[in-house]
Every structure is written in structure tokens, then in C-alpha cells.
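1. Here is my input, please return the structure:
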Amino acid sequence: MSLGNVLVIRPGALGDAVLTLPALRALYDAGADSVTVLGIPSSWAFLHPSQCPVRIADFSSSTWLGLFADGATLSTQARAILENTQTAVVYLNDDTNGIQQCLMRCGVSNVLVIDPPVATPFHMTLNTAQNFDCFDPERTDDHAARQLLDPLSHIIADANAADILPFAMRADFSNWLGAVQASDATSFAIHPGSGGQKKCWPAGQFAELAAHVSEKTGLKALVFFGPADDEFRNEFSAAIRLGTNWEAVENRPLRDVMARLCSCRFYVGNDSGLSHVAARIIPVLSIFGPTDPGTWAPLGERVRIVQAPGGNLNALDADTVLEVLEPWVAGPGSASLT
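-> Numbering: from 1, shown residues only. Okay, the predicted model is just below:
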């Protein structure tokens, strides 16, 4: 089956977008003429505007209102795009019957609806921190990226899906991101924030870690804060030791943040969208509490995970995180963290 031009409906936050990359890669490798993602543009701002073949359309634009709202008329622009689309992949949890019917009325011959992964209650009963050295979510069947990718076998079977799907999980997306790996890094990255308070290790602990690593290694701590991180910014600033070599990187465009990450030896952050982006650029240590790393761990060849005791981030101490960081921090002439 020829995929032709493909429309992927995938609204979601930054981390959701990054985890969809293997699915998009699989569609291209299976012979799609083009791929357009109907999503939230800011969530896809990590893509290099000139090097990535994926086109992004605004899910919230009035252009597409007729596809989602009962009684609304589909715009002439949207109708023209759909009339030239042969395949649609719809990642939505809601009732999609109306969307499917609208797509087919506009001439989309093949519509695949896939339930996107959603956060579910996760209870970790062990009362000690769990360290996953070089965590490999690519081998985890229920990882979010696999849940988005594997159902595509229904539409790319003729293109040898058995080979394409595993390759897409391992694929290098550096061209799509336009990011380069840094050498002779003089900094390390810290991101104390996340989309949910329950997923955040206390900012005071991040401050302790930043001060300790900077003191022992001479590296500068680049501490990233987004628009929703004011509380974490205040807590971190109040807790950081005087004299620590650190710099706040606040409310910068995502492409600027990626450029700064390229100057860092490694990154430490919570279960957050920025952790997913960083894992495509530099080594990442991601700190998990009540969420399941088997589903939500960042994809990358140099990803390590620390999960808090019993999923309680308040019970995770900085020494445990420093122990996991040790191999990445230590370089020629570097002092031990402990």
C-alpha cells in the first residue's frame, strides 16, 4: 500500500512530541511522500526548520476547527490539504468517529486511529532508590514511543514493518534537530522544573547537587527555568550555596536552549519534556518519582534513571544521584564527587 501524503494528528506537550519521532521516521522510511503533523507548534520547536522534512500545522487554528467541532465548517484551506492526503494517523483518546468520517469524506483513503499513551497510577513499593544504569526504553514493550510506533505496522506492512519499526526506535535524529554533540564541555545542565509538581525532585536538592558538582569539577551549572518554573526558580536561588558557579537560563526559545545544552557535559532533570529533548543531544540523568520510567523514560543511547524510594521524591537524597552521575562527571584530572 502506498502511504502517499500523510497527516499525523498529534496534539500534546513537548515530551509527547519528542516521543513521536520514531513513528514519524517509520512513516518516511516506509515511503511516505510527505508527513504533516497537526499539533501544537511550540511542542515541535526542537525541529530544525530547514533540515527536518516534517511540516507542522497548528492544531488549535481555526483552519482545522471543522475537523473537531460539531457543526463547524471545514475551512477551504484544510479541505484542500485533506484532498491531497492519502493516509491519516490519529493519536487521540476522545471519540474520533466524527473525525474519521470527515477525513474520509475529504478523500483520505486510509485512516488509522491509535490511542496515545496516557499517564496511569504507578505504585513503586520498594523503599530504596532504584538506579537504572544506561536505561534502555527501546527494549521496553510498553514504552510510550513503542505504543505510538508499533500500531503503524497495520499500514506499513507492505514495506517490511518488521525491519522498519526497530530501526526507527534506534534512528539518529540529529539532522532533524540540527543539534551537534559538544566537545570540551565546560558546563553541566540542571532543570529543576516539570509539567507537574508531583514529578519534581525538590529544587533545594538540585541546588545541593549543582553546588557539589561545580565545586568538585570546576564546571559551571547551567540551570534552566521555563515560564511555569517561577516557584522552582525561587526555591533554587534561596538554597544554592554562595560562591557556586552557576547561571540561570530563563524563558529562552527552545532552539536557544538546545544550543546551550550542546555546551554541557551532561544534564540532570525530572520527568519532563526538556529531559526528552536533552537526551537527543547529551547524556541525561532523569529523576523519576511517581511515574513509570518503563513508559516515560527519555529515548537516547546515554540515559540513566534514578527512581525515588517508593516513588517519593522527597525521600531521594543528593548523594544517591551523585553516585549515579560519577562516571559521566569524572574526566581526565577530575576529582571524584564522593
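2. okay, CA-based contacts and neighbour counts for the rest of this
-> OK.
3. Identify the bridge partners of N270.
-> Beta-bridge pairing for N270 (DSSP bridges): I287.
4. I'd like the numbering to begin with 444 instead of 1 from here.
-> Renumbered: residue one is now 444, and that last one reads N713.
5. correct me, but it touches G638?
-> No: the criterion here is C-alpha atoms under 8 Å, and N713 misses it with G638 at 9.5 Å.
6. Looking at those two, which one has more neighbours?
-> N713 (25 against 16; other C-alpha atoms under 10 Å).
7. Tell me the spacing between that one and N677.
-> 17 Å (C-alpha to C-alpha, to the nearest Å).
8. Also E581?
-> 37 Å.
9. Same check on P752?
-> 26 Å.
10. hang on, the earlier thing: more crowded one of E581 and N677?
-> Counted by other C-alpha under 10 Å, E581 and N677 do not tie: E581 has more neighbours, with 20 against 12.
11. E744 is in contact with the more buried one, correct?
-> No: counting by C-alpha under 8 Å, E581 stays clear of E744, with 9.6 Å between them.
12. Could you list the buried residues of the helix or strand containing V656?
-> Taking DSSP states H and E as the definition, V656 sits inside helix 646-660. Applying a neighbour-count criterion of 16 or more other C-alpha atoms under 10 Å, one finds 646-658, 660 buried in helix 646-660.
13. average pLDDT for the next helix or strand after that helix?
-> Next helix or strand after helix 646-660 toward the C-terminus (DSSP H and E): strand 663-668. The average of the pLDDT scores along strand 663-668 is 97.
14. Also stretch 520-536?
-> 96.
15. V532 should be in a strand, yeah?
-> Yes: V532: assigned to a strand according to DSSP: H, G, I helix; E, B strand; the rest coil.
16. Quick check: beta-bridge partners of it?
-> Going by DSSP bridges, V532 is paired in beta bridges with V451, L555.
17. what sits against the residue lying closest to F731 once chain neighbours are set aside?
-> Closest residue in space to F731, ignoring its immediate chain neighbours: Q750 at 4.6 Å, by C-alpha to C-alpha, 6 or more residues apart in numbering. Contacts for Q750 were tallied using C-alpha atoms under 8 Å, 6 or more residues apart in numbering; they are A572, Q573, N574, I730, F731, G732.
18. Now do the lowest-mean-pLDDT helix or strand in the chain: which elements does it pack against?
-> Sorting the helices and strands of the chain by mean pLDDT, DSSP states H and E puts helix 604-613 at the bottom, at a mean of 86. For helix 604-613, the packing partners by 3 or more C-alpha pairs under 8 Å, 6 or more residues apart in numbering; DSSP states H and E come out as helix 464-472, helix 587-592.
19. Done for today, thanks.
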